[in-house]
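Trainee: Starting from these lines, generate the structure:
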Amino acid sequence: MVGTKVLLLLSALCLLLPAARASSGLISVPTIVQRSVEANERDWDAAPQYTYSERDLAGAGSRTFDELMILGSPYQRLIAVNGVTLSPEQQANEQAKLDAVVAERQAESPQQRAERIAHYQRDRDRDHLFLEQLTLAFNFTLVGEQKLGGYDVYVLKATPRADYQPPNMDAEVLRGMEGKLWIDVSTFQWVKVVARVIHPERSADSWPAWNPERNLSWKRCPWRAGCGCRNTSA
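Mentor: Reported below is the predicted structural model:
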């Protein structure tokens, strides 16, 4: 789904490998990014074991979902629009959709289930490789430090590397983007990512040509005890 791929692209911008050093001299930009890579690699590995909430920002609006792992692959249940919890009628409608998906998956044959999970895993493996490519695609500079949503964060700017050679068509989109990210100073997880398309690029696998007027934004809370994430493997 294009929306999911956009979200993955935005969340992955924290993995960019810079060449410059932080102007503060206390911590280098490569160190910030490397620690962010390590933190997000741990998040990536743990994600299938957890149910969590996710808020996608687009323009002035937002949509919040519960990301649920159901019998081997994820499902997004809408829980709020523009920060407002769904009405009881809307909640009942979303619950009906969820119940239908659960029933459908419970009725799968072993082959159907294996194919669905394999498709999810192929997408996940491809997206992980795509995220890793970002370490080669951008230069990063430290803009400064600030408070954001109660968190102390590093603010970094990403600009595309002129000499970047994408290994496949999926990675072509990186050549047409620049962005900014806010990284938690304690956990090195990303708190916010904003990306801007500076010129459109086309990639494979049904990704559209990127609209140069599209600005994309994504936000989340870094992991803290009691954050509301639930381990689905327990």
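Trainee: Count the neighbours of the closest residue to G72 other than its chain neighbours for me.
Mentor: Counting by C-beta to C-beta, 6 or more residues apart in numbering, the nearest residue to G72 once its immediate chain neighbours are dropped is I117, at 4.1 Å. (Each C-beta comes from the backbone N, C-alpha and C, glycine too.) Using other C-beta atoms under 10 Å, the number of residues around I117 comes to 14.
Trainee: Show me what the longest helix that the chain contains is packed up against.
Mentor: Ranked by number of residues, the top helix in the chain under DSSP state H is helix 110-137. For helix 110-137, the contact count by 3 or more C-beta pairs under 8 Å, 6 or more residues apart in numbering; DSSP states H and E identifies helix 2-12, helix 29-46, strand 73-81 as packing neighbours.
Trainee: Adding mean pLDDT as columns, could you present these in CSV?
Mentor: CSV is the format used below for these (pLDDT from 0 to 100):
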stretch, mean pLDDT
helix 2-12, 43
helix 29-46, 83
strand 73-81, 94
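Trainee: can you put those in TSV and add mean neighbour count?
Mentor: Rendered in TSV, the data for the helices and strands packed on helix 110-137 read as follows (neighbours: other C-beta atoms under 10 Å):
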stretch	mean neighbour count
helix 2-12	18
helix 29-46	17
strand 73-81	16
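Trainee: closest to F140 out of the ones you listed?
Mentor: In this view, the helices and strands packed on helix 110-137 are compared for proximity to F140 by C-beta to C-beta, and helix 29-46 is the closest at 5.4 Å.
Trainee: Just the CA atoms of the following helix or strand past that closest one, as CSV, please.
Mentor: Moving toward the C-terminus from helix 29-46, the first helix or strand encountered (DSSP states H and E) is strand 50-58. Extracted as CSV, the C-alpha positions of strand 50-58 are listed here (Å, rounded to 0.1, in the frame of the first residue of the first chain):
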residue,chain,number,x,y,z
TYR,A,50,4.1,-5.6,19.5
THR,A,51,0.8,-3.9,19.1
TYR,A,52,1.2,-0.1,19.1
SER,A,53,-0.5,3.1,18.0
GLU,A,54,0.7,5.1,15.0
ARG,A,55,-0.2,8.6,13.9
ASP,A,56,0.2,9.6,10.2
LEU,A,57,0.4,13.3,9.4
ALA,A,58,-0.6,14.7,6.0
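Trainee: List the contacts of the next helix-or-strand element following strand 50-58.
Mentor: Downstream of strand 50-58, the first helix or strand assigned by DSSP H and E is strand 61-70. The contact list for strand 61-70 (C-beta atoms under 8 Å, 6 or more residues apart in numbering) reads 48-56, 74-83, 98, 101-102, 105, 232.
Trainee: mind running it again at 7 Å?
Mentor: Contact partners of strand 61-70, identified using C-beta atoms under 7 Å, 6 or more residues apart in numbering, comprise 48, 51-56, 74-83, 101-102, 105, 232.
Trainee: what's the pLDDT at I70?
Mentor: According to the prediction, I70 has pLDDT 94.
Trainee: A96: neighbour count?
Mentor: Close neighbours of A96, defined as other C-beta under 10 Å, add up to 10.
Trainee: what helix or strand is it on?
Mentor: Under the assignment here (DSSP H and E), A96 is part of helix 88-106.
Trainee: chain center to that helix: distance?
Mentor: Using C-alpha atoms, centre = their mean, to the nearest Å, we find the averaged C-alpha position of helix 88-106 to lie 25 Å away from the chain's own average C-alpha position.
Trainee: and that helix with strand 61-70, angle?
Mentor: With axes from the mean of the first three to the mean of the last three C-alpha atoms, to 10 degrees as the criterion, the two stretches helix 88-106 and strand 61-70 enclose an angle of 30 degrees.
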